[in-house]
Structures are given as structure tokens and as C-alpha cells.
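# no sequence for this one, just the structure:
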């Protein structure tokens, strides 16, 4: 297991392409200046000991040294000891709606990004609960099974988009049925499902049946509404630029609205609550209080307990490359000249 202490220093790596561009510009300027002074044959006779390849080699060593020093600042750590610890928590599954209606921008920046932010903020408030993630539209798809790895959960969460499922629509019933398979601990007393959606349900008839079955299996269902009752159009974008608006079969522009009634009915039948997702802080605070009041189940989890710094290796490598770069001269070395490692051609 690798842990990075100071990821912000990765931004320093942007210096490298800048240096390469400046180096190329310098070479171009030198060649143009030299051509004004003399032709290539005369220049070779005037500077017989000049190497035409060591300049690039010095640059490579310098960039390697700089990269290694930057990695040293990031300070990678390697987990060296894996141990089993006792933790208490609730099993939580997040079912995130990724249908096209979630692209509506009636809640900034759009419904899907708002849903992802809500889930991310909820995860930040968890201590030792286990979490799983489901994406659903016309069908449900497992994103992340029950785990205590919050970092992995956020990574999968950020990669969710409306193009990940080809089957469009909003089948909340399938999300509920799939969530029921996530809870792998039969003794877990508290199983919680959060459905984050705009409430457009194309399977209302079977949704309540799925809710009833989930309740029988001990699952409490909360719904979080994202969107507005006024509604909005659904922009179709490519590379961040809007190309058109989503239209129905008759060619009319689709207006999608938050359907609170459906979400409230689901949460009521699921022994949970409906939560307005327009205010992130208020929604997260409410959920935090709800989870705190639930009984916690003790379970075992493996985690890395000890991490060792690895920055010294990168620091050493960086200094070595910079040291070599300093002592590489632009002129040909006598013994290297005999070996001709750099394939320099000697003028007669």
C-alpha cells in the first residue's frame, strides 16, 4: 500500500515541459546564430572538441534529478505492516442516479455533480462504517462492493457519468434490488441505503415492491432529492460545449423536474426520510445525526498500521543525477572520444 504525503508538489512537474521548450528554443537560437557566423564545416574545424550530444544528455540528467527531488517532496510512503483491527459501524450503500436527466443544470453545476458532491461529503463524515456504491439508470450496475476503503470509494464516485450505462431511463427498483445483495454480513443490524436522484422513476409500479422486500431484509432507505420542482432542460454537451438540448420522440425539448413525491413515498415505505439535497451542509449534517443514532455493529477490517518514508531514495537519486549533470562537460572527453560512445564524427 502506497501513501503520498504531499500530493500538491506534483504540480511542480509542470516545470519539466517548460524547461524542455526553453531548451529547444535555445538550440534553435544557437543554430541560427552559428549559421550567421560560419557554415557547419568551418564550425566543426573551429570547435573540434565540442560534443553535439552531451548537451541533451545534461538536460536528461537534470530533468531526472529534478523529477526525483519533486518525488522526494511528495514523500511516498509504503505500508509495511498489515494488521486486523476491530471497528464499529453501519453498512451503507449509495445508489446514484446517472440517467441523462441528471445533466440538468437547475442545481449547480448540474444534478449529477451535486449528487457526487453530496456522497463525497457524507463519506468525509464517516468514521468506521462500510460503504458500497451503485450507479443506475435504465438498469443498475455495481460500482464498488462493501468496503472500508474511502479513498477507493471517492475515486469510483468521481468517475461516474451519464455515459457509463447505455440503457437509459430511471429504474429505481433495480437499484434497490441490487443494493440488497451488497450487504454480506447477515448479523449486521443496521443496513442503510441512500438513493440520490431527481425522482424521475420509469418503474414506479415495481419500485414499491422492491422497497417492501428491502425493508423485510432489514434495509432502511433514505432518499436525497437533487434538482428543482420548476425543472430544467437537459443540455447535450461535447468537450464542455453545449451542442443541443435533449428532445423527445416528437421533437419537443424535454423539461425534467424534481419529483419529490416519488422520493418521499420511497423513503416513507423504507422507514427512512426524504432529504432535500439543495443545501449540501444541511443534508450532510442531518445524515450524520441519523447515522450517529444507529446501533453500530463490530466487525474486523485489515488495514496498514505502519508506513515508512521513502523520500530519502528519491532525494539520493535526485542529487546523484544533478551531480552527474554538473560534471558532464560540453566538450568531448579524451577517453570517451576514443570509445566514441556518443557517435560524434571527427572532422578530418
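Received the coordinates, thanks. These figures come from a predicted structure and were not determined experimentally.

# next one: phi and psi at the residue nearest to the spatial centre of the chain?
Residue closest to the average C-alpha location in the chain (Cα atoms, centre = their mean): residue 155, at 4.0 Å. Dihedral angles of residue 155 (phi, psi; degrees, to the nearest 10) stand at phi -60, psi -50.

# Repeat that for residue 296.
The phi and psi values for residue 296, taken as degrees, to the nearest 10, are phi -100, psi 140.

# so it sits right up against residue 127, yeah?
No: in this structure residue 296 lies outside contact range of residue 127 using Cβ atoms under 8 Å: 9.4 Å. No exception for glycine: its C-beta is placed from N, CA and C like everyone else's.

# Those two: which has the busier surroundings?
Shown here are residue 296 and residue 127; by other Cβ atoms under 10 Å, residue 296 has more neighbours (16 against 10).

# where in the stretch 1-150 of the chain is pLDDT low?
1, 34, 37-53, 79-87 (pLDDT under 70).

# quick one, strands of it?
Secondary structure of the stretch 1-150 of the chain (DSSP state E, counting those that start in this stretch): strands at 2-4, 76-89, 91-97, 130-136, 140-147.

# sec struct for the closest residue to residue 286 other than its chain neighbours, please.
Among residues not flanking residue 286 along the chain, residue 275 sits closest, at 6.0 Å (Cβ to Cβ, 6 or more residues apart in numbering). Per DSSP: H, G, I helix; E, B strand; the rest coil, the secondary structure class of residue 275 is strand.

# Could you list everything residue 275 pairs with in the sheet?
Beta bridges link residue 275 to residue 224, judged by DSSP bridges.

# Equivalent analysis for residue 232, please.
Following DSSP bridges, residue 232 is listed with bridge partners residue 256.

# who's in contact with it?
104-106, 255-256 (Cβ atoms under 8 Å, 6 or more residues apart in numbering).

# out of those, who's nearest residue 283?
residue 106 (16.7 Å; Cβ to Cβ).

# Mind pulling the model confidence for residue 247?
We have a pLDDT of 87 for residue 247.

# how close does it sit to residue 111?
Residue 247 is 19 Å from residue 111, where distance means Cβ to Cβ, to the nearest Å.

# out of those two, which sits in the busier spot?
residue 111 (30 against 13).

# show me what contacts the more buried one?
Taking Cβ under 8 Å, 6+ apart as the test, what residue 111 contacts is 97, 101-105, 198, 226-227.

# Out of those residues, give me the one that has the most neighbours.
If you rank the contacts of residue 111 by neighbour count (other Cβ under 10 Å), residue 198 sits at the top with 31 neighbours.

# secondary structure element for residue 312?
Using DSSP states H and E, residue 312 maps to helix 311-327.

# List the contacts of that helix.
58, 61-62, 64-69, 71-76.
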